[in-house]
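**Q** I need the structure of the sequence given here:
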Amino acid sequence: MESFTAGLISLEEAQEKMLAQLTPITDSLSVPLTEAAGRITARAVTSPIDVPPFDNAAMDGYAVRLADINRGIPLPVAGKAFAGAPFTGSWPAGSVIRIMTGAPVPAGCEAVVMQEETEQRDDAIIFNAPVNAGQNIRLIGDDIRAGTGVLAAGVRLGAAELPLLASLGIAEVSVLRKLRVAVFSTGDELQPVGHPLAAGQIYDTNRFTVSLMLKKLGCEVIDLGIIKDDPNALRAAFEEADRQADVVISTGGVSVGEADFTKTMLEELGAITFWKLAIKPGKPFAFGRLANSWFCGLPGNPVSAAVTFYQLVVPLLATLTGQKKSALPPRQKVRAATRLKKTPGRLDFQRGFYRRNDQGELEVHSTGPQGSHVFSSFAQANCFIVLERDRENVEAGEWVEIEPFNALLEG
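**A** Below is the predicted model:
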């Protein structure tokens, strides 16, 4: 076992070596808010206004002055205030203003009493509870002060962030340009999806899968297709990809087979940082530098390609766009509901399905066979079961660590 894993570096060391070399892109452009979903903020965003922009009622009820309140004594209603239609008349002493949620409080108002704490007697209002200064009044700038930061640079704009900007009247936002990622697959046995298979051929699902995930991450995908196992063709693909892209991703050709030319080509055209990892699946993963771009060589087996893309390429892309938030969900401890086969030597990412059992406790089930060719396991899973490098078989009931899928793998 020691000889089999000798020379392999840990996932943590690989991530550290990789991310330490990267410098985020800075090219930016301004886009309308309606076209900004999924884009990354290029600089911090500050609020141009106070939120709320005026003191307003937090409840439906009555605007009062404390000096006019004398519990049990009815007060007449002098007018009404609505959201968008504030009270603008004269407010006589010894009276109240009927006010609705969101309406500006009239000048001199010291509290808003919700209607549930009042009762109407003839044409006047009686207050049935103590009234405190400032109650049920949302003060100007109570949520956001003009000039304060609302979003940092490096934030992906989504359903939480875009409505926030819209509420501030921000119509355009400065975002980073999209990362340009060139993708190609290598192998004489590969055939594009949708074409008939000849003897010995398989479909090129890796390039299809990687392209889908890149688009979901907001990247501009440059699809260079399938490259045959020919050094000249591979060199041309590398050179073309390097001219066009920030990141070059290939699938296949990074193991130790006689026709695996990718590693050799990378050594000629650039520099390799590492190419063998102590993880399963995904040992043959190459990372390095070309003249103008970063290179990631994914394994040829579909599960291995997906796992290494998720665990290594996704953080790389996030770092290149300056994102501070972790691209991967935090791991958590749960009990194994099924027996899990494990051989010591490599960190193992098994596909699992976690849920709450009848006792309300989280537990995780294996999806079944864990071979690096069994891509159907992803369709049945909602997490990785992350088994430590030195761990052996896991029995049902033991504690294990899971990493829930993020939106990239959830659907």
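**Q** Can you pull out the low-pLDDT segments for the protein?
**A** Counting by pLDDT under 70, the chain has low-confidence residues at 1-6, 71-72, 253-261, 371-374, 411.
**Q** SS state for the residue positioned nearest the centre of it?
**A** Residue closest to the mean C-alpha point of the chain, counted by CA atoms, centre = their mean, is Ala327 at 5.8 Å. Recorded secondary structure, Ala327: coil (DSSP: H, G, I helix; E, B strand; the rest coil).
**Q** doesn't Ile222 fall inside a helix?
**A** No - under three-state DSSP, Ile222 sits outside any helix and is assigned strand.
**Q** For it, which residues are in contact?
**A** Residues counted as contacts of Ile222 (CB atoms under 8 Å, 6 or more residues apart in numbering) are Arg180, Val181, Ala182, Val183, Ala241, Gln244, Ala245. Quick note: C-beta positions are derived from backbone N, CA and C, even for glycine.
**Q** what do you get for Val183?
**A** Applying CB under 8 Å, 6+ apart, one finds that Val183 lies in contact with Arg207, Val210, Ser211, Leu214, Val221, Ile222, Asp223, Leu224, Ile249, Ser250, Thr251.
**Q** returning to what we had before: now, which of the contacts of Ile222 sits nearest Pro299?
**A** Proximity of these to Pro299 was ranked by CB to CB; the top entry is Val183 with 14.6 Å.
**Q** Take the contacts of Ile222 and keep only those in strands.
**A** Secondary-structure check on the contacts of Ile222 using DSSP state E: residues within strands are Arg180, Val181, Ala182, Val183.
**Q** Tell me the most packed of those, by neighbour count.
**A** Compared across these, Val181 has the highest neighbour count, 28 neighbours, by other CB atoms under 10 Å.
**Q** give me the number of residues near Gly89?
**A** For Gly89, the count of nearby residues is 10 (other CB under 10 Å).
**Q** so what's it up against?
**A** When the contact criterion is CB under 8 Å, 6+ apart, the partners of Gly89 are Ala78, Gly79.
**Q** What is the three-state secondary structure of it?
**A** The assignment at Gly89 comes out as coil when based on three-state DSSP.
**Q** Next, it: phi, psi?
**A** Gly89 adopts backbone torsions of phi -80, psi -170, taken as degrees, to the nearest 10.
**Q** Mind telling me what element the spatially closest residue to the residue nearest to the centre of the chain that is not a sequence neighbour is part of?
**A** When the adjacent residues along the chain are set aside, Ala327 lies closest to Ala318, with 4.2 Å between them (CB to CB, 6 or more residues apart in numbering). Ala318 belongs to helix 314-320 when assigned by DSSP states H and E.
**Q** Against which helices or strands is that helix packed?
**A** In terms of contacts (3 or more CB pairs under 8 Å, 6 or more residues apart in numbering; DSSP states H and E), helix 314-320 is packed against helix 11-20, strand 247-251, strand 294-298.
**Q** quick one, helices of the chain?
**A** Using DSSP state H, the helices of the chain run over 2-5, 11-20, 161-167, 205-216, 231-244, 262-269, 302-308, 314-320, 376-380, 407-410.
**Q** if we compare those, which one ends up closest to Lys80?
**A** With distances scored as CB to CB, the stretch of the helices of the chain nearest to Lys80 is helix 161-167 (25.9 Å).
**Q** would you put the C-alpha positions of the closest one in CSV?
**A** Presented in CSV, the C-alpha positions along helix 161-167 are these (Å, rounded to 0.1, in the frame of the first residue of the first chain):
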residue,chain,number,x,y,z
GLU,A,161,-27.9,40.4,-3.5
LEU,A,162,-29.7,41.7,-6.6
PRO,A,163,-33.0,42.7,-4.9
LEU,A,164,-30.9,44.5,-2.2
LEU,A,165,-29.2,46.6,-4.9
ALA,A,166,-32.6,47.2,-6.6
SER,A,167,-34.0,48.5,-3.3
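**Q** contact partners of that helix?
**A** Counting by CB under 8 Å, 6+ apart, helix 161-167 makes contact with Leu33, Ala36, Ala37, Val45, Val51, Val150, Leu151, Val155, Leu157, Val173, all of which sit outside it.
**Q** The third one and Ala160 touch, don't they?
**A** To tie it back to what came earlier, the one meant is Ala37. No - applying CB atoms under 8 Å, one finds Ala37 not in contact with Ala160, separated by 11.4 Å.
**Q** what about these two, which has more around it?
**A** Ala37 (14 against 9).
**Q** got the contact list for that one?
**A** For Ala37, the set of contacting residues under the criterion of CB under 8 Å, 6+ apart consists of Leu157, Gly158, Leu162.
**Q** how about these in CSV, adding distance to Thr262 and neighbour count?
**A** As requested, those are exported to CSV (distance: CB to CB, whole Å; neighbours: other CB atoms under 10 Å):
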residue, distance to Thr262, neighbour count
Leu157, 35, 22
Gly158, 35, 13
Leu162, 40, 18
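**Q** In a markdown table: those, plus distance to Pro86.
**A** Rendered in a markdown table, the data for the contacts of Ala37 read as follows (distance: CB to CB, whole Å):
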| residue | distance to Pro86 |
| --- | --- |
| Leu157 | 34 |
| Gly158 | 34 |
| Leu162 | 29 |
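**Q** which of those lies closest to Ala124?
**A** Leu162 (46.8 Å).
**Q** from the chain's centre, how far out does stretch 341-353 sit?
**A** Taking CA atoms, centre = their mean, to the nearest Å, one finds the center of stretch 341-353 at 25 Å from the center of the full chain.
**Q** Alpha carbons of it, as PDB, please.
**A** Listed in PDB are the C-alpha atoms of stretch 341-353, where the atom choice follows Å, rounded to 0.1, in the frame of the first residue of the first chain:
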ATOM      1  CA  LYS A 341     -15.900  -0.300   2.000                       C
ATOM      2  CA  LYS A 342     -12.600   1.600   2.300                       C
ATOM      3  CA  THR A 343      -9.000   0.800   1.800                       C
ATOM      4  CA  PRO A 344      -6.400   3.000   3.600                       C
ATOM      5  CA  GLY A 345      -4.100   5.200   1.500                       C
ATOM      6  CA  ARG A 346      -6.200   7.900  -0.100                       C
ATOM      7  CA  LEU A 347      -8.900  10.300   0.900                       C
ATOM      8  CA  ASP A 348     -12.100   8.800  -0.400                       C
ATOM      9  CA  PHE A 349     -15.000  10.800  -1.800                       C
ATOM     10  CA  GLN A 350     -17.900   8.300  -1.900                       C
ATOM     11  CA  ARG A 351     -21.300   9.300  -3.100                       C
ATOM     12  CA  GLY A 352     -24.100   9.200  -0.500                       C
ATOM     13  CA  PHE A 353     -27.600  10.300   0.400                       C
END
